[in-house]
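[1] what shape does this take:
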Amino acid sequence: MRDAPARPVLFGEVLFDHFPDGSEVLGGAPFNVAWHLRGFGESPLLLSRVGRDAAGARVRQAMRAWGLDDAGLQEDAEHPTGRVRITLDAGEPRFEILPAQAYDFIDRAGLPPLERPAFLYHGSLALRRAAARATLQAISGDAALPVFLDVNLRAPWWAAEDVLRWAGRAAWVKLNEAELGQLQPGAGGLEARARALQARCGCGVLVTRGEAGAWALSAEGETAGVRPAAAVRVVDTVGAGDAFAAVFLLGRLRGWPLAATLARAQDFASAIVGLRGATVAERGLYQAFLAAWGEGGAGRYGGRSGIIPRPPIPPAAMSHNTIRARLDFSFKGEGHELDTVIDLEACADAAGEETPDFHRLLAQAHGIDTYSYLYEALESYDIEFSEPTGIAAGCCHDGILDWPCFAAAWREERELRALRPIAARVMGIDDLDGHAALKAALLAAYRAGRSGAEG
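    Below is the predicted model:
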């Protein structure tokens, strides 16, 4: 009989974000990471605690519906299920993490046995209270298992010396660029600070950088970096770091190379920011990514064949104007196939009338370093465009995309989106496209008005 596979263990908060409009969103970094790992087919064990209240019952119901093991979810008769109050100040969110929540009191005696744990994930928020801190220390001391520390510095719930002490016990520490500066202040850029942190704690360092991507330094000295594709459609950045962490941990579980792990984590995080919320209850999304990555970590980032499959992009994250871009090329005797779908609206918003650098977009989408010889080789090959959608359909012929055609059509479409409601409200015309002369006149007047305002 084969042994059961090692399972990820995640310790810490599960909570609800409460927004000013009265809406609530279930989350918490350990919960989000466990959710994604389950979506990718792993069997994570979440160790957390909820109140004996309606919110706690909702957490358990959501876990069971997703197939998440709830054996490690304790109930607390005295403390409520975790909450975070989110308010807006000049459009910027501010977080009020409430004290004495159920997840602060995770009890070692009430946890299930940890059978074949692969690693222990926890955040820094789980360290703020003595009860949960003692439980975490007992768990981490029970077995010599790798620890992944996900830093989340929320005032007033952290102290640098405490976080650094726990970092010294970790195999990997994940934090953003600002947090790196807070824990390792002083002169020098990102790499210098990361190396200083590594020398201090003896851990691998994973730095997420928002729009700039991510950079990693392993405990053995290996480095890798990744940048997101230029045309990423952003709807909601909540949970992007948790999505990145989940795929990074998946890569550690499945033995992926560091560079491939970062590229895949970036792709998944880029998909999540194109959707609403930190988690997704769509199994097809996870299956699409797994299929693109291939079995055993080969596939998208170069298995034996060097072929790079088309990466999955969730429809909800894309605009109505997309195109498929494909490039086949050879480098040092090995064939490569790059294949992706590009959001042309995002390209137009970023580039305007200038033609986007589609070679760079393809390379970034597939984790290819744009300063490498491999990139220089692919630049000499032509991209084949196909499967245009929306107004792009009229600007793609024989594998060639006419960018000036699309840019002009997209500019007109944006203008018409402003004019159609006016025509309906003022003139009673619901089908402006059916009145060619009137449409042309309104467009001319609109453009003249804008030109005058800008002048």
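[2] tell me, what residue is most central in this protein?
    Ala269 (1.6 Å; CA atoms, centre = their mean).
[3] doesn't it belong to a strand?
    No: counting by DSSP: H, G, I helix; E, B strand; the rest coil, Ala269 falls outside a strand, being helix.
[4] run through the stretch 201-350 of the chain and note the low-pLDDT ranges.
    For the stretch 201-350 of the chain, applying pLDDT under 70 flags the ranges 230-233, 235-236, 276, 295-319.
[5] one more time with 80
    Filtered on pLDDT under 80, the stretch 201-350 of the chain yields the residue ranges 229-238, 274-278, 284-285, 288, 291-292, 294-320, 349-350.
[6] one more: the stretch 351-455 of the chain?
    351-353, 365, 367, 369-371, 414-430, 432-455.
[7] can you give me the helices for it?
    For the stretch 351-455 of the chain, the helices defined by DSSP state H, counting those that start in this stretch occupy 358-365, 373-379, 403-427, 436-454.
[8] got it, and the chain?
    All helices of the chain, identified by DSSP state H, fall at 29-39, 54-66, 130-142, 160-167, 177-183, 190-201, 240-254, 258-273, 283-293, 344-351, 358-365, 373-379, 403-427, 436-454.
[9] tell me which of the helices of the stretch 351-455 of the chain sits most buried.
    Comparing the helices of the stretch 351-455 of the chain by mean neighbour count (mean count of other CB atoms under 10 Å), helix 358-365 ranks first with a mean of 22. No exception for glycine: its C-beta is placed from N, CA and C like everyone else's.
[10] what does that one contact?
    With contact meaning CB atoms under 8 Å, 6 or more residues apart in numbering, helix 358-365 is reached by 227-231, 267, 311, 325, 327, 338, 340, 342, 347, 369-370, 375, 378-379, 383, 401.
[11] just the ones of these in strands?
    Using DSSP state E, Ala325, Leu327, Leu338, Thr340, Ile342, Leu401 are the members of the contacts of helix 358-365 that sit in strands.
[12] so how far is Leu262 from Arg209?
    Distance, Arg209 to Leu262, using CB to CB, to the nearest Å: 11 Å.
[13] equivalent analysis for Asp328, please.
    For Asp328 relative to Leu262 (CB to CB), the value is 25 Å.
[14] what about the two, which has more around it?
    Leu262 (26 against 15; other CB atoms under 10 Å).
[15] residue contacts, that one?
    Contacts of Leu262 by CB under 8 Å, 6+ apart are Ala214, Ala216, Ala224, Gly225, Val226, Phe248, Gly367.
[16] can you rerun that using 10 Å?
    Contacts for Leu262 (CB atoms under 10 Å, 6 or more residues apart in numbering) come out as 206, 213-216, 224-227, 244, 247-248, 251, 256, 301, 367.
[17] quick one: distance of stretch 96-108 to the chain centre.
    A distance of 26 Å separates the centroid of the chain from that of stretch 96-108, by CA atoms, centre = their mean, to the nearest Å.
[18] just the CA atoms of it, as CSV, please.
    The C-alpha coordinates for stretch 96-108 follow below in CSV (Å, rounded to 0.1, in the frame of the first residue of the first chain):
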residue,chain,number,x,y,z
GLU,A,96,-8.7,47.8,11.9
ILE,A,97,-7.7,44.4,13.1
LEU,A,98,-9.8,43.7,16.2
PRO,A,99,-8.2,42.4,19.4
ALA,A,100,-9.0,39.1,21.2
GLN,A,101,-10.5,37.2,18.2
ALA,A,102,-11.0,33.4,18.3
TYR,A,103,-8.0,32.7,16.1
ASP,A,104,-5.8,34.3,18.8
PHE,A,105,-6.6,31.3,21.1
ILE,A,106,-5.8,28.3,19.0
ASP,A,107,-5.4,25.5,21.5
ARG,A,108,-2.7,22.8,21.1
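[19] tell me the mean pLDDT for it?
    On average, the pLDDT along stretch 96-108 is 94.
[20] mind listing what's buried along it?
    Ile97, Gln101, Ala102, Tyr103, Asp104, Phe105, Ile106 (16 or more other CB atoms under 10 Å).
[21] ok, now stretch 12-29?
    Residues of stretch 12-29 classed as buried: Gly12, Glu13, Val14, Leu15, Phe16, Asp17, His18, Val25, Leu26, Gly27, Gly28, Ala29 (neighbour count, 16+ other CB under 10 Å).
[22] what's the end-to-end length of that stretch?
    8 Å (CA to CA, to the nearest Å).
[23] isn't Val280 right up against Gln287?
    No: applying CB atoms under 10 Å as the test, Val280 and Gln287 come out as separate, 11.8 Å apart.
[24] which residues does Ser48 contact?
    With contact taken as CB under 10 Å, 6+ apart, Ser48 is in contact with 10-15, 28, 30-31, 34, 59, 63, 70, 72-74, 81-82, 102-103, 106, 126, 132.
[25] let's see it at 7 Å
    Gly12, Glu13, Val14, Pro30, Phe31, Gly72, Leu73, Tyr103, Ile106 (CB atoms under 7 Å, 6 or more residues apart in numbering).
[26] let's see which of the buried residues of stretch 12-29 end up in strands.
    Short answer: the buried residues of stretch 12-29 in strands (DSSP E) are Leu15, Phe16, Asp17, His18, Val25, Leu26, Gly27.
[27] turn the residues you listed into CSV, including pLDDT and distance to Cys405.
    Listed next are these as CSV, based on pLDDT from 0 to 100; distance: CB to CB, whole Å:
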residue, pLDDT, distance to Cys405
Leu15, 95, 49
Phe16, 93, 48
Asp17, 86, 44
His18, 85, 48
Val25, 86, 41
Leu26, 93, 45
Gly27, 92, 43
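[28] which one of the residues you listed is nearest to Ile86?
    Proximity of those to Ile86 (CB to CB) peaks at Asp17, which lies at 5.6 Å.
[29] who's in contact with the residue nearest to that closest one when sequence neighbours are not counted?
    Residue nearest to Asp17 in three dimensions, not counting chain neighbours: Val25, with 4.5 Å by CB to CB, 6 or more residues apart in numbering. Applying CB under 7 Å, 6+ apart to Val25 gives the contacts Phe16, Asp17, Gly277.
[30] which of the residues you listed sits closest to Gly181?
    Asp17 (25.8 Å).
[31] contacting residues around the closest one?
    So Asp17 contacts Glu24, Val25, Gly27, Val84, Ile86 (CB under 7 Å, 6+ apart).
[32] could you list everything it pairs with in the sheet?
    On DSSP bridges, the residues paired with Asp17 through beta bridges are Val25, Val84.
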